[in-house]
Structure formats: structure tokens, C-alpha cells
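*Asks:* can't give you the sequence, but here's the structure:
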């Protein structure tokens, strides 16, 4: 994912830079690509979950969110058809 590479590059630039008063920073980034028919809240929740994972996996990293489950998969699961 192109966005992930750009975010990882940004993370590296910030990590290497020395700010005023000799302060060094790191960042953690959670990335979620908006999927077709996904609402804003679900999209932001996936991005927030990815950020939480980045922070818990050692910080200073970029984590991609799990892909959204399609509405069709959700409907089939609700009907118990076994589709994943």
C-alpha cells in the first residue's frame, strides 16, 4: 500500500530529526483504507484500532488496519451460511 510506505518514510524522518533542546520524537501511525460501503465510524474505528496496535507493539511504527468485512460477508455470516 503506497500510503503505508509514505507513512513509514515520515516516521523515519521524524525519528532521525533532533528538535529544539535536543528532543527526539517518535510517532506511531494507524492506517485504514476506506472500503466500499463502509461508514465513517467503522473506518475510523479500524484506523484507531491500528494505532492502538502500533503503540502496543513497541511504538514508533506504522500498522495497517485489517480490511473491512464486506456487507455481503456480514450478511452471510448472520444467516449462518459459513462464508468468511
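*Replies:* Structure's in. What do you need? None of these values were measured; they are calculated from a predicted model.

*Asks:* Nearest residue to residue 57 in space, ignoring adjacent ones along the chain?
*Replies:* residue 63 (6.9 Å; Cβ to Cβ, 6 or more residues apart in numbering). Glycine gets a C-beta too; all of them are placed from N, C-alpha and C.

*Asks:* Could you grab the helix/strand/coil label for the one you found?
*Replies:* On the three-state scheme (DSSP: H, G, I helix; E, B strand; the rest coil), residue 63 is labelled strand.

*Asks:* Number of residues surrounding it?
*Replies:* By other Cβ atoms under 10 Å, 22 other residues sit near residue 63.

*Asks:* Who does it form a beta bridge with?
*Replies:* Counting by DSSP bridges, residue 63 forms beta bridges with residue 30.

*Asks:* SS state for residue 52?
*Replies:* Criterion first, three-state DSSP; result for residue 52: helix.

*Asks:* wait, doesn't the residue nearest to residue 57 sit right on residue 47?
*Replies:* No: judged on Cβ atoms under 8 Å, residue 63 makes no contact with residue 47 at a distance of 9.8 Å.

*Asks:* what is in contact with those two at once?
*Replies:* Shared between the contact lists of residue 63 and residue 47 (criterion: Cβ atoms under 8 Å, 6 or more residues apart in numbering) are residues 30, 31.

*Asks:* ok but residue 55 is inside a helix, no?
*Replies:* Yes: assessed by three-state DSSP, residue 55 belongs to a helix.

*Asks:* With adjacent residues omitted, what lies nearest to it?
*Replies:* residue 28 (4.9 Å).

*Asks:* What is the least confident helix or strand in the protein?
*Replies:* Scoring the helices and strands of the chain by mean pLDDT, DSSP states H and E places helix 71-78 at the bottom, with a mean of 58.

*Asks:* ok, the residue nearest to residue 57 to residue 21 distance?
*Replies:* Between residue 63 and residue 21 the distance is 30 Å, computed by Cβ to Cβ, to the nearest Å.
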